[in-house]
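Visitor: compute the structure for the input listed below.
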Amino acid sequence: MQTAEKINPCYPLFRDDDYKKNLAEKRVNFEEMHAPEKVWDTFVWTTSKEYQDLNFKREALTVDPAKACQPLGAVLCASGFHKTLPYVHGSQGCVAYFRTYFNRHFKEPCSCVSDSMTEDAAVFGGQKNMIDGLENAKAIYKPDMIAVSTTCMAEVIGDDLNAFINNTKKAGNIPQEYPVPYAHTPSFVGSHTTGWDNMEEGILRYFTLNYMEGKKVGSNGKINIVPGFETYLGNYAC
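Guide: Residues are numbered from 1 along each chain as shown. As a prediction, this is how the structure comes out:
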């Protein structure tokens, strides 16, 4: 049993006799399960040539896709660059979700900030939030780069990241040469993989436009492989 002094996480908890009994009764009384023989016959059929042929004939099928929104992917992408702070132009609640998601997945803290847009920013635009937010983020966390993405709120009202970032630099809140790449990542379009791609493109575009003068493509003799959104490095074969 759970007590204040002994709180088990999910798997050890479900191995307790009380939970085993509850799960067994739930299965019998409420789940309306098929007979074990029917389950086994279905399993055998799914390993057959007939089932394989049926699957290969399908041209387009997605069953219960595991999708999150664009800015979550953008945050992960920005986190992969050395001393880069992911910055989300949007509401504070969205960023709280992103951080919680990655904290649980990676089992370690995930850095990400928001300029906390609220009702007034939703009506009048979030430029003031960004001007103050970029200055505070740089002063407090001291990153070498801040990568900006957006959420639904900023995209619905049409905030222009390029203009806002340039106005912040013109106002002197952050240095003109300070790298602040950006990507528009509306949550109502695409998915986390789309957001990752957009943020990657935004960062590469920023440095290509601002730091390639006098350089020749391929002159360093190196190849940079960008595999895309993937949280399990074990999936890569070297």
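
Visitor: from here on, just use CA atoms for contacts and neighbour counts.
Guide: Noted.

Visitor: list the buried ones in the longest helix seen in the chain?
Guide: Counting by DSSP state H, the longest helix found in the chain is helix 192-211. Buried positions in helix 192-211, judged by neighbour count with 16 or more other C-alpha atoms under 10 Å: His192, Thr193, Thr194, Gly195, Trp196, Asp197, Asn198, Met199, Glu200, Gly202, Ile203, Tyr206.

Visitor: look up how far Phe43 lies from the residue of the chain positioned farthest from its centre.
Guide: In the chain, Glu37 marks the outermost C-alpha relative to the chain mean, sitting 42.2 Å out by C-alpha atoms, centre = their mean. Counting by C-alpha to C-alpha, to the nearest Å, the separation of Glu37 from Phe43 is 10 Å.

Visitor: kindly report the same for Lys67.
Guide: Look at Lys67 and Phe43: by C-alpha to C-alpha, they are 27 Å apart.

Visitor: tell me where the chain has helices.
Guide: Using DSSP H, the helices of the chain run over 10-14, 17-29, 36-46, 49-57, 70-79, 92-106, 119-124, 127-141, 152-157, 161-170, 192-211.

Visitor: nearest residue to the middle of the chain?
Guide: In the chain, the C-alpha nearest the mean C-alpha coordinate belongs to Leu72, at 2.3 Å (C-alpha atoms, centre = their mean).

Visitor: and the residue farthest from the centre of the chain, what pLDDT?
Guide: Per-residue confidence at Glu37 stands at 92 (pLDDT).

Visitor: what of Gly90?
Guide: 91.

Visitor: close enough to count as contact, it and Thr151?
Guide: Yes. Gly90 is within contact range of Thr151, at 5.2 Å (criterion: C-alpha atoms under 8 Å).

Visitor: so, low pLDDT: which residues of the chain?
Guide: 1-4, 7-12, 61-65, 233-238 (pLDDT under 70).

Visitor: sorry, back to before: nearest to Pro179, out of the helices of the chain?
Guide: Distances from Pro179 to each of the helices of the chain were compared using C-alpha to C-alpha; the shortest belongs to helix 192-211, at 8.0 Å.

Visitor: so what touches that closest one?
Guide: Defining contact as C-alpha atoms under 8 Å, 6 or more residues apart in numbering, one finds that helix 192-211 is touched by 67-78, 147, 149, 181-185, 228-229.

Visitor: repeat for stretch 96-113
Guide: Contacts of stretch 96-113 (C-alpha under 8 Å, 6+ apart): Leu72, Val75, Ser79, Leu85, Pro86, Tyr87, Val88, Val95, Ala137.

Visitor: what would the residues you listed look like in TSV with distance to Ala163?
Guide: Listed next are the contacts of stretch 96-113 as TSV, based on distance: C-alpha to C-alpha, whole Å:
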residue	distance to Ala163
Leu72	23
Val75	21
Ser79	24
Leu85	20
Pro86	19
Tyr87	16
Val88	16
Val95	22
Ala137	19
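
Visitor: out of those residues, which comes closest to Ala122?
Guide: Val88 (14.7 Å).

Visitor: who does the closest one form a beta bridge with?
Guide: Ser114, Ser149 (DSSP bridges).

Visitor: please shift the residue numbers so they start at 643 in all later answers.
Guide: Understood, numbering begins at 643; the last thing we discussed is Val730.

Visitor: wait, it touches Ile788, no?
Guide: No. Because the distance of 9.9 Å does not satisfy C-alpha under 8 Å, Val730 is recorded as not touching Ile788.

Visitor: between the two, which one's more packed in?
Guide: The residue with more neighbours, out of Val730 and Ile788, is Val730; 31 against 25, by other C-alpha atoms under 10 Å.
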